[in-house]
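>>> What follows is a predicted structure for the sequence shown.
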Amino acid sequence: MIMATRRNFIKAGAWLGSAFLMDKTKAAESIVLSTNALKRPVVLSTWRFGQEANAAAWDVLMKKGRALDAVENGVKMVEANPKERSVGLGGRPDRDGRVTLDACIMDEFQNIGSVACLEHIVHPISVARAVMEKTPHVMLVGEGAYEFAISSGFTKQNLLTPESEAEWKEWLKKSEYKPKANIENHDTIGMIALDANGDLSGACTTSGLAYKMHGRVGDSPIIGSGLFVDNEVGAATATGHGEEVIRMAGSHTVVELMRQGHSPEKACKMAVERIYSSLKKRGKETKDFQIGFLALNKAGEHGAFCLQKGFSYALCTPEINNTLNDAPYL
């Protein structure tokens, strides 16, 4: 009888202990949710021009707008700026003197749209969104993308500014194709955002490598490479040498690493380490390459990492006023 009572006592104690731990866990979860709620909304984007983009996105987010609208509005600021020579209007042309643009967009429902090798349209990101919302497809390229844009009400415009044309003509004298790391001849505006409702979206847009072969497409318009969003886990975007990002589905890899429990920064670092390993195995000089990742998880935590020093990103939250930050590197 005594033993039975002791067993019951032990069982009761175990149950109470379990209940206490469960209550503690629930309390901790409540604290985490409360803390994370303070971090919303969040927007981050690549390079120094990300601050301009973030400001436009923030106007949407602060009005409790959708993350999808925020990222589109944000990157459009850079697309329309002729002084930014690696995105949109004024972007450096290919070796034939043609400005070709790539972009993709992804929302919280995993709806996606993309355009590649698009000419004569200032805002490829908006064409990508139109592909997502108005067609049964996810990607249109070249002449087909242009015809779709015109039929959807976009206006044809010459994207080759006098400044970019002069640089291209100077390049033609030697026609040396040697992209340099951290020189903005191959950079991207990639943006990911978490809105007040807790939903994620992302956008990515670029004019690609300067003086590339006509028809070359990098990682920026490829869902899973230049951009990936999983509303249950997080979002990631990439910048730098697109061929290397494509090789290992970079942004998707970062999101999957976050799914496994890694922080955004750790996930970005692990993806960069894989690219570094791949370059070394193929006998490539890593100093000639730059790869950068940005990541944002569902909790509002962010992170960045790059292959070598020089990649910066812009961050804006209710507590952080659109700062420019240097990403850690290998």
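Thanks, I have the structure now. Numbering: from 1, shown residues only.
>>> Which parts of this structure belong to which domain?
Domain ranges of the chain: 1-39, 40-326, per automatic domain parsing.
>>> Return the member of the ones you listed having the minimum mean pLDDT.
Among the domains of the chain, domain 1-39 carries the lowest mean pLDDT, at a mean of 42.
>>> Now render the domains of the chain as a markdown table, adding mean neighbour count.
Just so you know, the C-beta spots here come from the backbone N, C-alpha and C atoms, and that holds for glycine as well. Shown next, in a markdown table, are the domains of the chain (neighbours: other Cβ atoms under 10 Å):
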| stretch | mean neighbour count |
| --- | --- |
| domain 1-39 | 10 |
| domain 40-326 | 21 |
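>>> which residue is nearest the middle of this protein?
Nearest to the geometric centre of the chain sits T237, at 2.3 Å (Cα atoms, centre = their mean).
>>> Sheet partners, orientation included, of the host helix or strand of it?
If you go by DSSP states H and E, T237 is part of strand 234-240. Applying DSSP bridges, strand 234-240 is found paired with strand 227-230 (antiparallel), strand 291-297 (antiparallel).
>>> contacting residues around the closest residue in space to S175 that isn't next to it in sequence?
In space, and not counting its chain neighbours, S175 is closest to R95: 7.1 Å by Cβ to Cβ, 6 or more residues apart in numbering. Each residue near R95 by Cβ atoms under 8 Å, 6 or more residues apart in numbering is listed here: S175, Y177, Y211, K212, M213, H214.
>>> Cross-check the contact I'm expecting between the fifth one and P93.
No: under the criterion of Cβ atoms under 8 Å, M213 makes no contact with P93, lying 11.8 Å away.
>>> Quick check: what element follows the strand holding T237 along the chain?
In N-to-C order, the element after strand 234-240 by DSSP H and E is helix 242-247.
>>> pull the CA atoms of that following helix into PDB?
The C-alpha trace of helix 242-247 is given here as PDB (Å, rounded to 0.1, in the frame of the first residue of the first chain):
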ATOM      1  CA  GLY A 242      24.800  34.700 -60.700                       C
ATOM      2  CA  GLU A 243      26.200  31.600 -62.300                       C
ATOM      3  CA  GLU A 244      27.500  30.400 -58.900                       C
ATOM      4  CA  VAL A 245      24.200  31.100 -57.100                       C
ATOM      5  CA  ILE A 246      22.300  29.100 -59.800                       C
ATOM      6  CA  ARG A 247      24.800  26.200 -59.400                       C
END
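>>> Figure out how far it is from the centre of its chain.
Distance of helix 242-247 from the chain centroid (Cα atoms, centre = their mean, to the nearest Å) equals 14 Å.
>>> now stretch 87-107
With Cα atoms, centre = their mean as the basis, stretch 87-107 stands 16 Å off its chain's centre.
>>> How about stretch 249-264?
That offset, for stretch 249-264, works out to 13 Å (Cα atoms, centre = their mean).
>>> what are the ranges of the helices in the stretch 1-150 of the chain?
Assigned by DSSP state H, counting those that start in this stretch, the helices in the stretch 1-150 of the chain fall at 2-39, 50-61, 67-79, 124-134, 142-151.
>>> Check which element follows the shortest one along the chain.
Read it as helix 142-151. Once the chain leaves helix 142-151, the next helix or strand it forms, by DSSP H and E, is helix 162-172.
>>> hmm, who's touching that following helix?
P82, R85, G90, G91, R92, P93, G97, V99, L160, A210, Y211.
>>> okay if I get those residues as JSON lines plus distance to K280?
As requested, the contacts of helix 162-172 are arranged in JSON lines below (distance: Cβ to Cβ, whole Å):
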{"residue": "P82", "distance to K280": "39"}
{"residue": "R85", "distance to K280": "31"}
{"residue": "G90", "distance to K280": "36"}
{"residue": "G91", "distance to K280": "32"}
{"residue": "R92", "distance to K280": "30"}
{"residue": "P93", "distance to K280": "33"}
{"residue": "G97", "distance to K280": "36"}
{"residue": "V99", "distance to K280": "34"}
{"residue": "L160", "distance to K280": "38"}
{"residue": "A210", "distance to K280": "26"}
{"residue": "Y211", "distance to K280": "27"}
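>>> Check the residues you listed against I320 and report the nearest one.
Using Cβ to Cβ, R85 is the member of these that lies nearest I320, at 28.1 Å.
>>> Chain neighbours aside, what residue packs nearest to the closest one?
In this structure, R85 finds its nearest non-sequential neighbour in R92, 5.2 Å apart by Cβ to Cβ, 6+ apart.
>>> Can you pull the phi and psi angles for that neighbour?
Here is the backbone geometry of R92 (degrees, to the nearest 10): phi -70, psi 140.
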